[in-house]
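> quick one: sequence plus predicted model below, questions after.
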Amino acid sequence: MNLDSTVSTAHVFVCGNPALDFAATLRARRSLRFEMFTTPDRLNAWYVESGVVDAVSPAQETDIEQAVTVREAVYRLVTARRLGEEYDGAALTLVNNAARRTPAVPQLTPSGRWTQATPEEALSMVARHAVELLSGPDVPLLKECDNPECTRTYIDRSRGMRRHWCGMESCGNRIKAAAYRARKKAEPAAAVRPRST
């Protein structure tokens, strides 16, 4: 299977919280397991594109390893919280230790806020987002995408909590199009079925 045809390599921010979007950088966990952090540049791009920081000093391979370790811990904690299960102790320690590290400090400039960070400082900020999310009022709104291939958890702030997809462009349209094609394929078969006499 060609991964590029099924999983976009662009960073996507549809989950409603940077910690959830961070956890979603390992895509399709139950099947393809498509890793978004393949190079230090991809990790740095995520930190900037997510808005966690405005600029990051160059990351190294060790920064990827550290980020992936914290990301997997965040994912385990989010999943446990969503399912009402107890936290994994090792995951809790990893996230708390990352949150304890010195975060990036925003600076005020004539054109607004600017946050320059090291990869470790940016990771600390993501871990702090996870701590705030998992101890805050949005916990009852956590849902997993209804696309069976997707493992993103998102915050459902829709009216009546009726949202089914992490995002319409990333999953909703794809699932709806597949269902439409399946219905269209079934219609001709139903039309030519002989009538019983």
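Sure thing, it's come through.
> grab the nearest non-local neighbour of the residue nearest to the spatial centre of the chain.
Residue closest to the average C-alpha location in the chain (C-alpha atoms, centre = their mean): A24, at 2.4 Å. Spatial nearest neighbour of A24, chain neighbours left out: R152 (4.3 Å); criterion: C-beta to C-beta, 6 or more residues apart in numbering. To be clear about C-beta, it is placed using only N, CA and C from the backbone, and glycine gets the same treatment.
> hmm, which helix or strand of the chain has the shakiest average pLDDT?
Ranked by mean pLDDT, DSSP states H and E, the helix or strand of the chain with the weakest confidence is helix 3-6, at a mean of 41.
> so who does R157 touch?
G16, L141, R163 (C-beta atoms under 8 Å, 6 or more residues apart in numbering).
> put the buried members of the residues you listed into a ChimeraX selection.
For the buried members of these, the matching ChimeraX selection, counting by 16 or more other C-beta atoms under 10 Å, is:
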select :16,163
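> from the contacts of R157, which shows the smallest pLDDT?
Within the contacts of R157, pLDDT reaches its minimum at R163, with 89.
> surely that one and D156 touch.
Yes. Between R163 and D156 a contact is recorded at 4.5 Å, counting by C-beta atoms under 8 Å.
> give me the common contacts of those two.
Common contact partners of R163 and D156 (C-beta under 8 Å, 6+ apart): K143.
> closest one to M125 out of the contacts of R157, please.
Using C-beta to C-beta, G16 comes nearest to M125 of those, at 16.7 Å.
> can you tell me how far that closest one is from F22?
Counting by C-beta to C-beta, to the nearest Å, the gap from G16 to F22 is 12 Å.
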